[in-house]
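S.K.: model this:
(one chain, ligands or ions: 1)
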Amino acid sequence: MEERTGPVLAVFAHPDDAEISSGGTLAKWVAAGRQVHLLVLTNGDRGSSDPSLHRAELARIRAEETKDAAGVLGLASARVLETSDGELENTPKVRDEVVRTIRRIRPQTVLSCDPTAWFFDNRYYNHSDHRTAGVVALDSVFPGAGNPHYFAEHLAEGLEAWDVHDIWLGWTNELNHHEDVTGYLDVKLAALARHRSQVEGDGIRFFEEWLPREAEEAGKKIGVQHAEEFRVLDLS
Ligand SMILES: [Zn+2]
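M.R.: The predicted structure follows:
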């Protein structure tokens, strides 16, 4: 696949998903001059084990954290939709938002997570919002953004149908690509640390141990220090 240089849209379920799964790759693309945009499909309002925390307050906090983290990564934009955490469904209303964003940003690349990944190593299984976000992203690219008869009202607003060239899916069991992210682990962890509500106490230390170890394991497969793993589809 030829090297892409155009805009990127990352579509994820929760405010910190992009950083955890693909923060190194997003930072690398920003450094290469690509415009990288983030669309978060839920507000993350159940991302706490503290029963006294009000969900609306948590959603407000997480929206701010998302903006802070996007600043660290150098994203061109970051938007969080209002759907509650745990309630994401693949509906026309959600796809309308994603298709509209694709037609506005006109990304060469859409990055999300693999909706077919249910189980990981017989140790844990994937959050339903993650699986759904992957399906929403795929369905919004095809058959969605590229076909003027889907959400045709967008055309009346001045937007046009848009064909995405490639799709990158993280958190996958069907990986076919290792992206060298050597030199970008620090910014990935720095961005993740901005999601303060999620990494309080020892939380960030957990990620500081786990994410570099995971990136080193992936890096070994292509002979680099750090890599992130994806299932990449070339649609062009
Ligand atoms: Zn998540």
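S.K.: For the rest of this, base every contact and every neighbour count on C-alpha atoms.
M.R.: Fine.
S.K.: Helices of the protein, start to end?
M.R.: Here the chain has its helices, by DSSP state H, at 17-31, 55-73, 92-105, 128-140, 153-156, 185-193, 203-220.
S.K.: I'd like to know which of the ones you listed is closest to the ion.
M.R.: With Cα to the ion as the criterion, the ion lies closest to helix 17-31 of these, at 4.8 Å.
S.K.: Just give me the longest strand of the chain.
M.R.: Longest strand of the chain, by residue count under DSSP state E: strand 227-234.
S.K.: Please spell out the segments of this structure that come in under the pLDDT threshold.
M.R.: Residue ranges of the chain with pLDDT under 70: 1-2.
S.K.: List the strands paired with the longest strand of the chain, with their directions.
M.R.: strand 166-170 (antiparallel), strand 177-180 (antiparallel) (DSSP bridges).
S.K.: Just the C-alphas of the first one, formatted as PDB.
M.R.: What that stands for is strand 166-170. What follows is strand 166-170, C-alpha atoms only, in PDB (Å, rounded to 0.1, in the frame of the first residue of the first chain):
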ATOM      1  CA  ASP A 166      -7.900   2.600   3.700                       C
ATOM      2  CA  ILE A 167      -9.200   1.500   7.100                       C
ATOM      3  CA  TRP A 168      -7.000   0.600  10.100                       C
ATOM      4  CA  LEU A 169      -8.400  -1.500  12.900                       C
ATOM      5  CA  GLY A 170      -6.700  -1.800  16.200                       C
END
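S.K.: List the buried residues for that strand?
M.R.: For strand 166-170, burial by neighbour count (16 or more other Cα atoms under 10 Å) applies to D166, I167, W168, L169, G170.
S.K.: Surely the third one touches E228?
M.R.: Meaning W168. No: using Cα atoms under 8 Å, W168 is not in contact with E228; the gap is 11.1 Å.
S.K.: Please name the residues that touch R46.
M.R.: R55, L58, S84, D85, G86 (Cα atoms under 8 Å, 6 or more residues apart in numbering).
S.K.: meant to ask about L88
M.R.: Per Cα under 8 Å, 6+ apart, neighbours of L88: A13, L41, T42, S128, D129, T132, A133.
S.K.: and if you look at E64?
M.R.: So E64 contacts nothing (Cα under 8 Å, 6+ apart).
S.K.: likewise I105?
M.R.: P7, L9.
S.K.: thinking again about what came up before, tell me which of the buried residues of strand 166-170 is nearest to R4?
M.R.: D166 (9.0 Å; Cα to Cα).
S.K.: Now do the longest strand of the chain against helix 17-31, angle only.
M.R.: 80 degrees (axes from the mean of the first three to the mean of the last three Cα atoms, to 10 degrees).
S.K.: Can I get strand 227-234 in PDB, CA atoms only?
M.R.: The C-alpha coordinates for strand 227-234 follow below in PDB (Å, rounded to 0.1, in the frame of the first residue of the first chain):
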ATOM      1  CA  ALA A 227       5.200  -1.100  17.100                       C
ATOM      2  CA  GLU A 228       1.400  -1.100  17.200                       C
ATOM      3  CA  GLU A 229      -0.600  -3.800  15.500                       C
ATOM      4  CA  PHE A 230      -3.500  -3.400  13.000                       C
ATOM      5  CA  ARG A 231      -5.700  -5.100  10.600                       C
ATOM      6  CA  VAL A 232      -5.400  -2.800   7.500                       C
ATOM      7  CA  LEU A 233      -7.900  -2.800   4.600                       C
ATOM      8  CA  ASP A 234      -6.800  -1.200   1.400                       C
END
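S.K.: In it, which residues are buried?
M.R.: Quick answer for strand 227-234 (16+ other Cα under 10 Å): A227, E228, E229, F230, R231, V232, L233.
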